[in-house]
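# Any chance you can model this:
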Amino acid sequence: MPMTTRESPRPAPPAPATTSTSGTGTAPVPPDAAAAAAAAAAPDLRGRTAVVTGAAGGIGRACAQRLRTAGAEVLLVDRDADAVKALEDAGAGTAAPVDLTDLDAAAEIARGADILVNNAGVQTVAPIEEFPPERFSLILRLMLEAPFRLVQAALPHMYAHGWGRIVNISSVHGLRASAYKAAYVSAKHGLEGFSKVAAVEGAPHGVTSNCINPGYVRTPLVERQIAEQARAHGIPEEEVVESVLLARTPLKRLIEPSEVAAMAVFLCGPESAFVNGASLVIDGAWSAS
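Predicted coordinates:
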């Protein structure tokens, strides 16, 4: 039996927000005409409420801006209060400064969401025998337990309205392992499994749950791990991008946050209604090599 979807008043969509990315020492990518075309063809999300975690920068900021351009009301969730307030002032959504390691606070912000983008994450690079146990616990709490609490809180509203979209920003490390990333790889593998359970349970209620699996994206998270990677591999920092990060990537550049955001917004549109429980890889053939 087909599910009914909520019909909401559709006000005029807002003007597109301005995006920016930071450099990492690699060659810049040409102007993103594909991203502009994707924005123009974005689904109509007016009347929908989207919660985006880790919205202060990188992939989260790009997702928030793209969802806002599509007409959604966006809740900008991040522990960096100043950054999300600046985004709010720029018209990207409503700032919600929250530390998602406070799991009860994480649950509260997701109530009433039609769209949930689980993006917040951190990274620590170290051999297993040197990995700080407290850091391992924190990463799993932020990147696996918090998404569980967010989804758990969002589902009643989604089920009641017969429509919902859960987009989990996973990683190629949700599918494959790399050395020195025990906590990150564990959390992303767990997120993959949880996303599939949510997909199976949500399907009869018109709710989809999918993972996006990018390779190395041009974000502050990647930039911050260059020094750690250099220490772990015993090489100079200037060699990390080419010799470590892009060593297995046939397409020799970092992914732009806008490319991940375009996939996230596609998953919220009508053309993706049958995409559910999937892991969608964006890695320049990293996992194929």
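
# Quick one: the strands in the stretch 101-250 of the chain, in order.
Taking DSSP state E, counting those that start in this stretch, the strands of the stretch 101-250 of the chain run over residues 115-118, 164-169, 207-214.

# then the second one to CSV, C-alphas only?
C-alpha atoms of strand 164-169 as CSV (Å, rounded to 0.1, in the frame of the first residue of the first chain):
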residue,chain,number,x,y,z
GLY,A,164,11.3,11.1,6.4
ARG,A,165,14.9,11.2,5.1
ILE,A,166,17.9,10.1,7.2
VAL,A,167,21.3,10.8,5.5
ASN,A,168,24.3,9.5,7.3
ILE,A,169,27.6,11.0,6.2
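
# so what does that strand touch, helix or strand wise?
helix 58-69, strand 115-118, helix 146-161, helix 182-202, strand 207-214, helix 257-266 (3 or more Cβ pairs under 8 Å, 6 or more residues apart in numbering; DSSP states H and E). Every C-beta, even on glycine, is put in place using the N, C-alpha and C of the backbone.

# just these: most buried one?
Counting by mean count of other Cβ atoms under 10 Å, strand 115-118 has the highest mean neighbour count of these, with a mean of 30.

# To residue 51, which of the strands of the stretch 101-250 of the chain lies closest?
strand 115-118 (5.1 Å; Cβ to Cβ).

# Show me what the closest one is in contact with.
45, 48-53, 60, 63-64, 67, 72, 110, 146-147, 150-151, 154, 164-169, 191, 264, 268 (Cβ atoms under 8 Å, 6 or more residues apart in numbering).

# for stretch 142-157, same thing?
In contact with stretch 142-157 (Cβ under 8 Å, 6+ apart) are residues 51, 53, 100-101, 103-104, 106-114, 116, 118, 120-122, 164, 166, 168, 184, 187-188, 190-191, 194, 198, 202, 205, 207, 209.

# Mind checking the pLDDT average for stretch 174-194?
For stretch 174-194, the mean per-residue pLDDT is 97.

# Please determine how far residue 250 is located from residue 240.
18 Å (Cβ to Cβ, to the nearest Å).

# who's more crowded, the two?
residue 240 (24 against 11; other Cβ atoms under 10 Å).

# Contact partners for the more buried one?
Contacts of residue 240 (Cβ under 8 Å, 6+ apart): 226, 229-230, 233.

# What separation do you get for it and residue 89?
Relative to residue 89, and taking Cβ to Cβ, residue 240 is found at 35 Å.

# How about residue 69?
Applying Cβ to Cβ, the value for residue 69 to residue 89 is 17 Å.

# what do you get for residue 140?
Distance from residue 140 to residue 89, by Cβ to Cβ: 34 Å.

# the more surrounded of these two?
Set residue 140 next to residue 89 and count neighbours by other Cβ under 10 Å: residue 140 wins out with 16 against 9.

# What sits closest to that one if chain neighbours are left out?
The shortest distance from residue 140 to any non-neighbouring residue, by Cβ to Cβ, 6 or more residues apart in numbering, is to residue 187 (5.2 Å).

# Surely the one you found and residue 137 touch.
No - at 10.7 Å, residue 187 does not count as touching residue 137 under the criterion of Cβ atoms under 8 Å.

# Low-confidence regions, the protein specifically.
1-41 (pLDDT under 70).

# run the last query once more with 90
1-42, 215-255, 284-289 (pLDDT under 90).

# okay, now residue 285: neighbour count?
12.

# ok, now which ones touch it?
Contacts for residue 285 (Cβ under 8 Å, 6+ apart) come out as 249-251.

# Please report phi then psi for it.
phi 80, psi 20 (degrees, to the nearest 10).

# distance of it from residue 188?
The gap separating residue 285 from residue 188 is 19 Å, by Cβ to Cβ.

# OK, contacts around residue 280?
210-213, 263, 267.

# Kindly indicate which of the residues you listed lies nearest residue 80.
For those, with residue 80 as the reference and Cβ to Cβ as the criterion, the closest is residue 212, at 22.2 Å.
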